[in-house]
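Novice: Have a look at this fold, sequence not included:
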């Protein structure tokens with residue numbers, strides 16, 4: 001049986017893949033009628049592709065858990081929408097996931113060596129998470145810049161990402177999410 005630790009894609013590929021998968025969704029904001037579900041398919045694939053980046057970027061375990069929570073909630077809302085669940089129900093769930101997205105993006109960016117990634121990550125994370133708290137009164141169009149920012153952030157990751165070289169602070173973590181801490185059983 002293959003070992004998951006042996007599967008290795010280049011970091012640049014892992015950062016470009018979400019861009020390629022998210023661009024059709026971004027275009028759909030401008031051209032698709034409200035309520036169509038075809039963008040949800042590429043949206044689900046976009047979010048699943050990010051799983052690999054979460055695993056590879058330096059960040060404390062709790063921040064990675066936030067990233068995985070984002071993916072779980074956004075994939076859930078995409079599948080709910082594909083199956084006909086109304087926007088009134090899926091939108092608040094998606095916004096809840098975006099709080100976790102903002103945490104992961106901002107914190108993982110703080111562990112990058114390049115200032116451009118730290119700044120883009122902080123701006124993207126704050127915008128994405130912050131909108132979630134005003135999404136009930138702000139128009140959805142106010143979230144669109146976060147979509148563009150995340151594409152630029154992924155691009156910056158593809159071109160310039162280097163870990164800062166300092167280990168993430170995991171001293172307070174319980175290591176429940178770190179599979180290396182689970183002993184092998186015969």
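Specialist: Great, that's in hand. Predicted model, so just to flag it, every value in this text is computed and none were measured. Residues are numbered from 1 along each chain as shown.
Novice: ok now do the residue nearest the centre of the chain, which residues does it touch?
Specialist: Nearest to the mean C-alpha position of the chain, by CA atoms, centre = their mean, lies residue 101 at 5.1 Å. Residue 101 is in contact with 66-67, 70, 74, 125, 128-129, counting by CB atoms under 8 Å, 6 or more residues apart in numbering. The way it works is simple: take the backbone N, C-alpha and C, and place the C-beta from them, glycine included.
Novice: Quick check: the two most widely separated of those residues?
Specialist: 74 and 125 (14.9 Å; CB to CB).
Novice: before we move on, back to that, closest to residue 37 among the contacts of residue 101?
Specialist: Of the contacts of residue 101, the one sitting nearest to residue 37 (CB to CB) turns out to be residue 74, at 14.5 Å.
Novice: wait, doesn't residue 54 sit right on residue 71?
Specialist: Yes. Counting by CB atoms under 8 Å, residue 71 is a contact partner of residue 54 at 7.3 Å.
Novice: what touches both of these two?
Specialist: By CB under 8 Å, 6+ apart, no residue touches both residue 54 and residue 71.
Novice: Helix or strand with the lowest mean pLDDT in this structure?
Specialist: helix 11-31 (a mean of 86; mean pLDDT, DSSP states H and E).
Novice: ok, and what's touching that helix?
Specialist: Residues contacting helix 11-31 (CB under 8 Å, 6+ apart): 36, 38-39, 42-43, 45-46, 49-50, 52-53, 56, 144, 147-148, 150-151, 154-155, 157-159, 161.
Novice: Sort out for me which of the residues you listed are in strands.
Specialist: Secondary structure from DSSP state E places none of those in strands.
Novice: For these, which PyMOL command selects only the ones that are buried?
Specialist: Buried subset of those, written as a PyMOL selection, criterion 16 or more other CB atoms under 10 Å:
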select buried, resi 39+42+43+45+46+49+50+52+53+56+150+151+154+157+158+161
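Novice: thinking again about what came up before, give me the buried entries from the contacts of residue 101.
Specialist: Of these, these count as buried by 16+ other CB under 10 Å: 66-67, 70, 74, 125, 128-129.
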